[in-house]
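Asks: Below is the sequence, then the predicted model.
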Amino acid sequence: MKTLAIKNLSKTYFDAYQGAHVTAVRDVSLNVNQGEFVAVVGPSGCGKTTVLNMIAGFIPNSGGEILLDGRAVSGPGPERGVVFQSHALFPWKTVLDNVGFGPKMRGKPKAECDTIAREYIALAGLSHAEDRYPNELSGGMQQRVGVARALANHPDILLMDEPFASVDAQTRMTLQEELTRIWQERRPTILFITHDVPEAVFLADRVIVLSKGTVLDEIVIDLPRPRVWDDLIEDDAFKTLSARVLQKVRSA
Amino acid sequence: MKTLAIKNLSKTYFDAYQGAHVTAVRDVSLNVNQGEFVAVVGPSGCGKTTVLNMIAGFIPNSGGEILLDGRAVSGPGPERGVVFQSHALFPWKTVLDNVGFGPKMRGKPKAECDTIAREYIALAGLSHAEDRYPNELSGGMQQRVGVARALANHPDILLMDEPFASVDAQTRMTLQEELTRIWQERRPTILFITHDVPEAVFLADRVIVLSKGTVLDEIVIDLPRPRVWDDLIEDDAFKTLSARVLQKVRSA
Amino acid sequence: MASRLSSTLLFILPLAVLVAVWAVIVASFDVNPRIFPSVPAVWNAFVEAIRDGTLIQHVGASLGRIAVGTVLAILVAVPLGIAMGVNKIVADFLNPPLRFFSVLAGIAWIPIATLWFGYGFGAITFVIFNAVFFVVTYNTLLGVSTIPKPVRNAAASLGAGPWAMLTEVLLPGALPNIVTGIRTGLGFAWRGLIAAEMIATNVGLGYMLFVARDFYRTEVIVMGMIVIGIIWLLIDRLVLAPLERRTIERWGMVRAT
Amino acid sequence: MNVLLPIWSGYVRLTTRFPIVQTLVPFIPVIALWWIVSAAEVFPKVFFPGPVEVWKSFVSLTYKGILPDYLEDSLIRLAVGALCGIALGIPLGILIGVSKRAHTALWPVVLFFQAIGDIAWLPILLIWFGFGLTTMTFVIVYTVMFPVIFNTVLGVRSVPLDLFRAAQSLGASKFAILKEVTLPGALPNIITGLRNGLGFGWRALIATEIIVGTSGIGFLMFDARRAGSVVEIMLGMIILGTLWYIVDAWILAPIERATGQRWGTVQK
Amino acid sequence: QELVKLKAGMVTGIDQIGLPIALERGFFEKHGLDVTIARPYPTGVDALNALQAGESDMVQVGVPMIGAVLRGMDLVALGNFSGSATKLGADATLALIAREGAGINKGDLKSLKGKKIAASFGTINHLYILALIEKAGLKVDEVTLVNTPPPDMTVALLAKGIDGFVSWDPWPIVALKDVPGAIEVIRGGDVISYLGFNVALRPWVDKNGPTVEKFLAAVSEADKWMRANPKQAAQVATRWIPGLKPDVAEAAMQFNIQQADRRLSAQNFRALWAAQDVLSRLGTIKSTFDVNKHIDAKHIVKVMKEKPELFSDLPPIPDAVAIKDGFVFKP
Ligand SMILES: Nc1ncnc2c1ncn2[C@@H]1O[C@H](COP(=O)(O)OP(=O)(O)OP(=O)(O)O)[C@@H](O)[C@H]1O
Ligand SMILES: Nc1ncnc2c1ncn2[C@@H]1O[C@H](COP(=O)(O)OP(=O)(O)OP(=O)(O)O)[C@@H](O)[C@H]1O
Ligand SMILES: [Mg+2]
Ligand SMILES: [Mg+2]
């Protein structure tokens, strides 16, 4: 279990061909406590994925620091699981092997990997497709494989980049509820990027609104848990909070 | 301007390696009138993209027929513009050249292509990024380029596959309103796949609910036009329709 | 500018190390010049060949032949590879003969190529063509096949005709592989040239090596090898590498190194 | 066009029934042309023998037992050389593709040596290693290696970055990444590299057998050529082409179908 | 009697055929040797490389010996497989062939002016054409010489890529037979001395004097048999040179036996010296060596003395060029 402390983080992409600099992240400071569920929302292109990539250790930061339990991040690690916006499935592995990849890397025997993988594949509603290759899946199915793959590895920190964007309303609700269930059971620290404001409010303890590479606002979601859609959908507190976040995003 | 008639359409994917057949589309019949705006919703993996790919002429159908103004579809054509679920931008072209590709193919001079492209890039809110290559864009920006590219070609029929899935709430609303504006101006026939039920209701004349490769239901959206979010968001008719569609999707 | 210079230095460094190793080994083991020449001997041979102007003639002649053969090969191979990548019927028909002919060495062709294309320039060009053609074809074919289907579909539904599809989608999409094909092919073109210049010539690097070999002038052989290597490095560095940087790396299709 | 269509569809049906037809039919025009040109004596028969002459020489050499022996020798040499070349080329290519430092140190050297032909090396090699399998192996390895390296490097460099990242954040070790991501990702390119490399390996074999061998298909071809007989050259070419065809069609193409095409990373 | 083992190498060429004849007809065994013929090497350079690599003890080469010696290979010429010990000019196995319509006339060397002639550079061919050009009173740069390996010469002629070529047999004979309209401009003409030595490395020679003599005796006997039985000798050639047709072999053998003379005399010294002289004047080689150091005639002289019957059908060596005690060649 880990706490995440981000201080004055910034990132500038340099285009060597045009000599142009693009500042994707200007100045982000953020603390995520151990076991906390934080959602990040913000306009397209405001730097969400870039922040996530830096936390995951995929790209170096240009300034500031990222501390994981007080130690600076230097490269990716299995304690930080990532769900990619672009899915990033291994085209040469079946659904089963994609999802079982994490356990396999931990040296688990094949049979155990498969058992674990099947559990999460079932959770993602893909049991019928476990032997297919990614190119034979629909967009939403691919995305769900990506989610299952990250979850199956039981990371301490989950970094999720719009994990349910291509999933239908019904499946999405199920997945959201499953995710909160898993989170409450195991208590990983979660950083969850989304464009769906109700989703952010439903899931998170705190919603961070990012805008133009900086933190615009932070809204604490003090709705009681466990949260279930059937209860919340007509809940006034939920609606008020959603409206508040939405308004923040629209002003971003 | 075109009408689209789909009769008993079916599609079976054959996996030569496992000898397995996957029936993605079982039996879809659907008529879309000239200038009509039809939204398609349905669970992930129910065959929406497959139907769209067949209409676009990208893959052959296994059974049934697709008629465009009475003539069977045989391959892609510029009168049917497509927004891809996977964006499908040309990595070797800048945003400007991606969007200007359609006009260029119509033999327009470079200057005119650029003017047209800039107009749609501005509409997608990407004027600041017109010289970047796709790999330098965020996920949502890529998706918007895909939308702009399809619109800039002024097709008679627009086939859009979850075009706003990775776009933030605010930008999405703007794009939805822009799309209705363009549609009302030029009246293309639109087939719009989405997972966002309010989006489907806001945009469409009719919402088709697809399930397991067949049409489960059709809901006519008789809300008056022009539609604006500020009016509709609290509108009761809108809410009732949304709830009805959502309930259909959840039962699918 | 400074980074340009340092990258050039970095590029030269490994080669310089190689020369140093060579110098040390030859000096410390007192290697017989018939077995391997010393660095100064090769340098002297180089200076002399420059001074009497023969080297320039040889290089000029060889470069001309390489250029004609390679350009012809690329002009035929790229369209062919693309046609095969796009059309299954073409691929099915051409694949067997291509596979068959791809292993037939240039020198084996010489007697027959001479009959068809004439002795001298024609036959030499054919041998070089033969060295470049197959690699570029296969790499182009692979390049076209790895373009994601949706990208081609996108172009088609934006109204791209066959020509636009070729120039706007297939060529740039296959470019990473085409460049690698040309890189491999050009290397073999040099080898083919050396073999082919044994015939009907009195000028060219291959000819120079051939005559040197007959008189055990290993310093000329090694000098010729180095000249070929350096010319090739220059071509790669001044033409292919910048092309790669400006296109496929720029577009994010391959990672920069 | 309307006449051609049924013929064509008949042909397609035939090829799906008997795939061998698909292999053989494209050679019909080639052989027919060869036959016509040689029979018309456009060139004197001695310089351009026809299929019949080549067939006769095939029969007589097979009968004498020369051909099978030579074939065996050539194949063993090629196999040894090709295996070593692949065993060197793929790891080197991956190393250069993966590590910036390795790229800096090795790339210029690799480029440099690529252009220096095997034939230029031969005199020196002969003195170093003598006349024998070592020299031949060296030349074949030298030839096979470069296309394999170049294509492997390209393959490695075009694996999407996110896949490496995904593997890393799932806890994959360096070796696991190599095995699970880099290799399969680069595989389509590696196979094309093998195709090019092995193709040139055959060529190199022929070139060395001329000088180094006392047997082998290359030796056969050039021994005959030294005596001015073109028939054996043509025979040798046909044998080489056929053998390679078999290797490509039975080994490389099936691998291609089972990997890149299966995964959808390469279109069919 | 224990047979002495010896590995000999040859180059595929009809003039080298004395070696396999000695093997086939049992002359080596008769003289106490067990010889294996390593392989037919494609060129003299390859043969010398094989000698260096220890793959052969003794090989038969001509001009390539010059380059090798200059680059420090300590070679010794022990006998002569083709050439003449009696007269200075010996080139009956060489000819200049022209194609029809090239404007080169039979017997008219002056008509070579401005023509493109193929030769294999660095071989005896090269020396031959240079001598022909000189004989015609032309300058070297008045004729375009191009390098071509002998097997490609006939097809080059047919394809009109060259106007003519010089080469050793069987190529002139093959060309006259296979290339329509080809003409023999000149054959031989005694313009140069053929070079063709049995060579070995000095350390080996120093240790194996008796073996060398047995070898020379055996091949001398083979030469004599060949001179007496050219038709049968031609048949042997077709076995050792695959693809060589019998009629061509027979025609070539007629010229070959005119030069099959294993003996050494001052003429052979002069031939080697003259070749060096031409090549260094041409700039092809930068220095020369003393031929006395690299021709060791004592073994063959001993054979000639002890077994005169092996040479009885050859014209006697004139006294002026015969090798006697204390012989030193001076140009
Ligand atoms: N190339 C293929 N080979 C085999 N099966 C395929 C292929 N493409 C799609 N399928 C299958 O067909 C079904 C329908 O896929 P499709 O992409 O049409 O779904 P969709 O409705 O667009 O889903 P989503 O909302 O997730 O994008 C899925 O079960 C999928 O696994
Ligand atoms: N490789 C790159 N090179 C240059 N600029 C880049 C690169 N990647 C991203 N950017 C730029 O950085 C900014 C932030 O991108 P990022 O992907 O973090 O956005 P995001 O918040 O995730 O957006 P979205 O919601 O659309 O995914 C954008 O302006 C984008 O164009
Ligand atoms: Mg993003
Ligand atoms: Mg879809």
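Replies: Noted; the coordinates are in hand. Ligands and ions are numbered 1, 2, ... in the order given.
Asks: In contact with residue C:137, which residues are there?
Replies: Residues in contact with residue C:137 (C-beta atoms under 8 Å, 6 or more residues apart in numbering or on different chains) are C:77, C:80, C:81, C:84, C:98, C:181. C-beta coordinates here come from the backbone N, C-alpha and C atoms, glycine included.
Asks: err, residue E:18, not the other one
Replies: Applying C-beta under 8 Å, 6+ apart, the residues contacting residue E:18 are E:81, E:219, E:222, E:223, E:226, E:260, E:262.
Asks: Let's see which of these end up in helices.
Replies: E:219, E:222, E:223, E:226 (DSSP state H).
Asks: sorry, back to before: tell me which of the contacts of residue E:18 is nearest to chain A?
Replies: residue E:81 (64.8 Å; C-beta to the nearest C-beta).
Asks: looking at it, that closest one is touching residue E:219, isn't it?
Replies: Yes: if you go by C-beta atoms under 8 Å, residue E:81 and residue E:219 touch, sitting 7.3 Å apart.
Asks: one step back: now restrict the ones in helices among the contacts of residue E:18 to buried residues only.
Replies: E:219, E:222, E:223, E:226 (16 or more other C-beta atoms under 10 Å in any protein chain shown).
Asks: Make a markdown table from these and add pLDDT to it.
Replies: Listed next are those as a markdown table, based on pLDDT from 0 to 100:
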| residue | pLDDT |
| --- | --- |
| E:219 | 91 |
| E:222 | 92 |
| E:223 | 91 |
| E:226 | 92 |
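Asks: Wait, a helix at residue A:160?
Replies: No: if the criterion is DSSP: H, G, I helix; E, B strand; the rest coil, then residue A:160 is strand and not within a helix.
Asks: how about residue C:61, what does it touch?
Replies: Counted by C-beta under 8 Å, 6+ apart, residue C:61 has contacts C:201, C:203, C:204, C:205.
Asks: actually residue A:120, sorry about that
Replies: Contacts of residue A:120 (C-beta under 8 Å, 6+ apart): A:99, A:148, A:149, A:151, A:152.
Asks: Check the gap between it and chain D for me.
Replies: Remark: distance between residue A:120 and chain D (C-beta to the nearest C-beta, to the nearest Å) = 13 Å.
Asks: Would you verify that that residue is located in a helix?
Replies: Yes: assessed by three-state DSSP, residue A:120 belongs to a helix.
Asks: Now do the helices in the stretch 101-250 of chain E.
Replies: Here the stretch 101-250 of chain E has its helices, by DSSP state H, counting those that start in this stretch, at E:124-135, E:150-158, E:171-178, E:202-207, E:209-228, E:230-240, E:246-256.
Asks: and the shortest one, is it in reach of chain C?
Replies: Think helix E:202-207. No: judged by C-beta under 8 Å from any C-beta of the partner chain, helix E:202-207 and chain C are separated, with a smallest distance of 14.5 Å.
Asks: Pull the number of nearby residues for residue E:256.
Replies: Using other C-beta atoms under 10 Å in any protein chain shown, residue E:256 has 28 other residues around it.
Asks: residue contacts, the closest residue to residue C:211 other than its chain neighbours?
Replies: Nearest residue to residue C:211, sequence neighbours excluded (C-beta to C-beta, 6 or more residues apart in numbering or on different chains): residue E:121, at 5.5 Å. For residue E:121, the contacting residues are C:210, C:211, C:214, E:145, E:147, by C-beta under 8 Å, 6+ apart.
Asks: Not including adjacent chain positions, what is the nearest residue to the residue of the stretch 101-250 of chain A found nearest ligand 1?
Replies: Distances between the stretch 101-250 of chain A and ligand 1 by C-beta to the nearest ligand atom are smallest at residue A:140, namely 2.5 Å. Distance criterion C-beta to C-beta, 6+ apart; nearest residue to residue A:140, sequence neighbours excluded, is residue B:44 at 2.9 Å.
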